[in-house]
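> show me the folded form of this:
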Amino acid sequence: MAAARTILSAIFLVPLAAGVALAPGPARAQSGADAYPGRPIRFILPFPPGGGTDILGRLIAERLTANLGQPVVTENRGGAGGNVGAEAAARSAPDGYTIVLVAPSLAISPSLYSKLNYDPVRDFAPVSLVANVPNVMITHPSVPANTLSEFIKLAKTKPGGMNFGSGGSGTSNHLAGELFNIVAGVKLVHVPYKGVNLAMNDVLSGQIHLVVIGVPAAAPHIKAGKLRALALIAPQRSPALPEVPTVAEAGLPSFEVTTWYGVLAPAGTPKPIVSRLNAALVRIMHTPEMKDRLATMATDPVTNTPEEFSDYIKREIVKWGEVVRQAGLKAD
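So this is what the prediction gives:
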């Protein structure tokens, strides 16, 4: 528990030629920031199609298109736990015509990879958080543990004899499992998959004992009795699973893992453009229509200022860096 406490204690005007300046004529052309956007915007989604990032990104792109008056075109650039897409965005021109949707893997990668081809703080201009997805801890009904406390007691009797699945090394559900090991004082063995839904499929078959996954993917199976929900990792219960207690209610108040999503632009993107994008995201994420759509996905719209998002990323880097250090993890 000392390790757990350590973690918890531990984010233009171009000069005119004289003749032109004095001559009457049409008004000066708009500057780049004033005229933004003047062409389509590329929206990088750093995970494969069909996952949570892809679904949310396409919803946002559709509404940004309507709000900004220019097509916002999604581009899936999956690979290396989101690093391929993040690097592509970091290396793009800082003109507001490339943005990227990121998740907690952005804050995990700096401590997990010994060599990273981008810096999540230095190489980006944060725009805003856009959403949070509560996670749920799931197991198979055949596991002799009806509650989280019972699961922890069972795991302590079998050190190294039980496991947890994830969407791959360095993903947020991988680090969630490692944090659970530390906070709960258990030793579940990590089993990585090429996607967290594949890990959930093996919970459904009884081969994997635990997965931390977003509520939208697990809820139908929980309601059908094919999965057992041990606890919701959120401050309050979810309307999608009202009968499932929070981790605090289940006896593990120090366990906090939120799957968040946010939008970044390349570092050096003009502040007026970042402000324009921020205003557009704040507007669309909180419309009644978008809130209703996200509610069906058990997803909460959450926005903030670029400065607040920057601070949040820095705090997440520190938090997950401590988990990586204490768990002795390396992805390369």
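> L45 - how many residues pack around it?
A total of 25 residues lie near L45 under the criterion other CB atoms under 10 Å. (C-beta placed from N, C-alpha, C; glycine too.)
> oops, could you answer that again for N163 instead?
By other CB under 10 Å, neighbour count at N163 equals 17.
> same thing with G206?
12.
> OK, contacts around it?
G206 makes contacts with H140, S142, as judged by CB atoms under 8 Å, 6 or more residues apart in numbering.
> also R39?
Q70, Y97.
> which SS state does it fall under?
Using DSSP: H, G, I helix; E, B strand; the rest coil, the structure places R39 in coil.
> quick one: list the elements packing against the helix or strand encompassing S310.
Secondary structure from DSSP states H and E places S310 in helix 306-327. Packing contacts for helix 306-327, counted by 3 or more CB pairs under 8 Å, 6 or more residues apart in numbering; DSSP states H and E, involve helix 2-9, helix 105-112, strand 124-133, helix 172-184, strand 259-266, helix 271-285.
> so which bits of it are buried?
By 16 or more other CB atoms under 10 Å, the buried positions in helix 306-327 come out as 306, 309-310, 312-313, 316-317, 319-324, 326-327.
> again, but for stretch 287-295
M290, L294.
> again, but for stretch 258-277
Buried-residue list, stretch 258-277, by 16+ other CB under 10 Å: 258-266, 269-270, 273-274, 276-277.
> for those, which one is nearest V302?
When the buried residues of stretch 258-277 are compared for distance to V302 (CB to CB), W260 wins out at 7.3 Å.
> thinking again about what came up before, nearest to A88, of the helices and strands packed on helix 306-327?
Once the helices and strands packed on helix 306-327 are compared by CB to CB, strand 259-266 is nearest, at 10.0 Å.
> packing partners for the closest one?
helix 52-68, helix 83-90, strand 98-102, strand 124-133, helix 271-285, helix 306-327.
> tilt between it and helix 83-90?
Calculated by axes from the mean of the first three to the mean of the last three CA atoms, to 10 degrees, strand 259-266 forms an angle of 40 degrees with helix 83-90.
> can you list the low-confidence ranges for the stretch 1-150 of the chain?
Flagging of the stretch 1-150 of the chain using pLDDT under 70 yields the residue ranges 1-33.
> returning to what we had before: okay if I get the helices and strands packed on helix 306-327 as TSV plus distance to S142?
Output for the helices and strands packed on helix 306-327, formatted as TSV (distance: least, CB to CB, whole Å):
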stretch	distance to S142
helix 2-9	29
helix 105-112	31
strand 124-133	27
helix 172-184	20
strand 259-266	27
helix 271-285	40
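> which stretch among those comes nearest A145?
It's helix 172-184; of the helices and strands packed on helix 306-327, that one is closest to A145 (CB to CB) at 12.4 Å.
> I'd like the distance between L59 and K223.
Between L59 and K223 the computed distance is 24 Å (CB to CB, to the nearest Å).
> when those two are compared, which one has more neighbours?
L59 (19 against 13).
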